[in-house]
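Asks: could you work out the structure for the sequence below:
(2 chains)
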Number of protein chains: 2
Amino acid sequence: MIIMNLQGFLRGGKLMELKALLEVIQVQRHDFMNHLQVISGLVQMNKPDRVRDYIREVSREIECLGKIIHLKVPEATAAFLVAHNEAAKEQIELAYRLQCNLAHCTIPGPEIGYALEEAFSRAIGYLASCGSPERRLEVHLQESQQRYTFRLVFSVPAGCAVVAAGDKMTGVHEKLAAYGGKAGLVMGQSEGEIFLVLPRRASELVQSGT
Amino acid sequence: MIIMNLQGFLRGGKLMELKALLEVIQVQRHDFMNHLQVISGLVQMNKPDRVRDYIREVSREIECLGKIIHLKVPEATAAFLVAHNEAAKEQIELAYRLQCNLAHCTIPGPEIGYALEEAFSRAIGYLASCGSPERRLEVHLQESQQRYTFRLVFSVPAGCAVVAAGDKMTGVHEKLAAYGGKAGLVMGQSEGEIFLVLPRRASELVQSGT
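Replies: This is a model prediction of the structure:
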């Protein structure tokens, strides 16, 4: 029997903005068409080595998204996917270091999604506007026995720290604090960091990256 | 400035079920990876002609989804994408004949999405359970000056007409009728059809497929 889930419009709490996700699907499709054209061209030019290299590179990119897709909180997956898209629009590269899947997070999915969106939105907005030559965002997700730590790390050009430091993620922090979590922004001399701390259900810690 | 749309959770009316759309993204990604592996294999085997044929075939499949992506009603796009996925799970082939983009439909998006989901769900459910050897669904979308006509056409094996005829899409029809639309199911000797009639704003009729 098939299950058409779409009628459960509001099941699972709040839902993501439909258009943003459709855009992810559209961009994914568009990128793949481009890749096929490049491969087709290289085959035509009889460059099997370059075809292999190209496919290897594209596969690596697509695999990167695998860890996002397999996060256990749908709202988190959606927030990551949309952020990936938004970053690409601003020519910002995301470097993922995802070491867990949020399976045991005790904060409700919609709140996790909201906090991630806010964090990504600020970091991407900052990088897009600060004029840093290094348009790169490190995305860390780690777990310990008691908590998950999500961190966005970016470089800060001289003189730009003050602008961003004005916003300390207080709104997000207040929301997460109600569930025992935290959020914040730390601006150093050359590096900035936005972080979320999300409590984790006490259970066996499985060190896995999937 | 970037626009993170995700916080407008409920903008644009009701929203689709997040998980179903994430599954579309996941399946799309998975299919791409498979295609790349096949291409890689063919390149390794030094079969440039077969690479070209394969890429042509895959491109055609992906282009098919282009018309779905470019429908002007996000809820309709989502319903089509999810139906595409559900049909694939049941080894049902969808043959698209989409000749318009719903840009001037006067029914609210969430109602259009609901009606399409119901129509697809019934047709796919019927084909999955009736034991027809022909697992194929024709998907028609046409426009005239006053209305859009959406039709799902499928073959009906002997003796199976009665089962499906029990459900005449009355619930959907009642919803659409409030906006001047219609829905119904017609079972013939060898063919069945589920249809929706959706009113269209009086304006220039542009014959375009995009």
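Asks: would you map out the domains in chain A?
Replies: As assigned by automatic domain parsing, chain A contains the domains A:17-66, A:70-203.
Asks: any idea which of those gets closest to B:Lys89?
Replies: Nearest to B:Lys89 among the domains of chain A is domain A:17-66; the distance by Cβ to Cβ comes to 17.6 Å. Quick note: C-beta positions are derived from backbone N, CA and C, even for glycine.
Asks: next, see if the closest one gets close to chain B.
Replies: Yes - interface with chain B: domain A:17-66 contributes A:17-22, A:24-26, A:28-29, A:32-33, A:35-36, A:39-40, A:43-44, A:46, A:48, A:51-52, A:55, A:58-59, A:62-63, A:65-66 (Cβ under 8 Å from any Cβ of the partner chain).
Asks: what's the closest of the domains of chain A to B:Ala76?
Replies: Nearest of the domains of chain A to B:Ala76, taken as Cβ to Cβ: domain A:17-66 at 10.5 Å.
Asks: can you give me the first-to-last residue distance of the closest one?
Replies: Separation of the first and last residues of domain A:17-66 by Cα to Cα, to the nearest Å is 21 Å.
Asks: mean confidence for that domain?
Replies: Averaged across domain A:17-66, pLDDT comes to 91.
Asks: what's the answer for stretch A:72-89, then?
Replies: Here the average pLDDT along stretch A:72-89 is 93.
Asks: same question for stretch A:118-128.
Replies: Mean predicted confidence for stretch A:118-128 is 92.
Asks: which strand or helix spans the closest residue to A:Met33 other than its chain neighbours?
Replies: Residue nearest to A:Met33 in three dimensions, not counting chain neighbours: B:Ile62, with 5.8 Å by Cβ to Cβ, 6 or more residues apart in numbering or on different chains. In this assignment (DSSP states H and E), B:Ile62 forms part of helix B:48-69.
Asks: could I get the buried residue list for that helix?
Replies: B:51, B:54-55, B:58-59, B:62, B:65, B:67-68 (16 or more other Cβ atoms under 10 Å in any protein chain shown).
Asks: give the helix, strand or coil label for the residue of chain A most remote from its centre.
Replies: No residue in chain A sits farther from the centre than A:Asn46, which is 37.5 Å out by Cα atoms, centre = their mean. Recorded secondary structure, A:Asn46: coil (DSSP: H, G, I helix; E, B strand; the rest coil).
Asks: now do A:Arg151
Replies: State at A:Arg151, reduced to three classes by three-state DSSP: strand.
Asks: contacting residues for the closest residue in space to it that isn't next to it in sequence?
Replies: Computed as Cβ to Cβ, 6+ apart, the closest residue to A:Arg151 that is not its neighbour in sequence is A:His140, at 4.2 Å. Neighbour list for A:His140: A:97-98, A:149-153 [criterion: Cβ atoms under 8 Å, 6 or more residues apart in numbering or on different chains].
Asks: doesn't A:His140 fall inside a helix?
Replies: No - using three-state DSSP, the secondary structure at A:His140 is strand, not a helix.
Asks: measure it to A:Glu23 for me?
Replies: Separation of A:His140 from A:Glu23 (Cβ to Cβ, to the nearest Å) stands at 26 Å.
Asks: pull the distance from the host helix or strand of A:His35 to the chain's centre.
Replies: For A:His35, the host element (DSSP H and E) is helix A:18-44. Between the centre of helix A:18-44 and the centre of its host chain there is 20 Å, according to Cα atoms, centre = their mean, to the nearest Å.
Asks: so which elements touch that helix?
Replies: helix A:48-69, helix A:74-89, helix B:18-44, helix B:48-69, helix B:74-89 (3 or more Cβ pairs under 8 Å, 6 or more residues apart in numbering or on different chains; DSSP states H and E).
Asks: now render these as CSV, adding distance to B:Leu127.
Replies: Formatted as CSV, the helices and strands packed on helix A:18-44 follow (distance: least, Cβ to Cβ, whole Å):
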stretch, distance to B:Leu127
helix A:48-69, 29
helix A:74-89, 29
helix B:18-44, 19
helix B:48-69, 19
helix B:74-89, 8
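Asks: so which of these gets nearest B:Pro199?
Replies: Comparing the helices and strands packed on helix A:18-44 by Cβ to Cβ, helix B:74-89 comes nearest, at 14.6 Å.
Asks: next SSE downstream of that closest one?
Replies: Counting by DSSP H and E, the element after helix B:74-89 in chain order, helix or strand, is strand B:93-98.
Asks: any idea of the mean pLDDT in that following strand?
Replies: Rounded mean pLDDT across strand B:93-98 is 94.
Asks: just stretch A:101-108 next, same as before
Replies: Taken as a whole, stretch A:101-108 has an average pLDDT of 95.
Asks: can you point out the buried residues in that stretch?
Replies: Here stretch A:101-108 shows A:101-105, A:107 as buried, counting by 16+ other Cβ under 10 Å.
Asks: chain center to that stretch, what's the gap?
Replies: 16 Å.
Asks: quick test: name the residue nearest the centre of chain A.
Replies: Most central in chain A (Cα atoms, centre = their mean) works out to A:Phe80, at 3.1 Å.
Asks: OK, contacts around the closest residue to that one other than its chain neighbours?
Replies: Once flanking residues are discounted, A:Phe80 sits nearest to A:Ile68: 4.3 Å by Cβ to Cβ, 6+ apart. Residues near A:Ile68 by Cβ under 8 Å, 6+ apart: A:77, A:80-81, A:84, A:96, A:98.
Asks: which one of those residues is nearest A:Ala115?
Replies: Scanning those for proximity to A:Ala115, where the rule is Cβ to Cβ, the winner is A:Phe80, at 12.3 Å.
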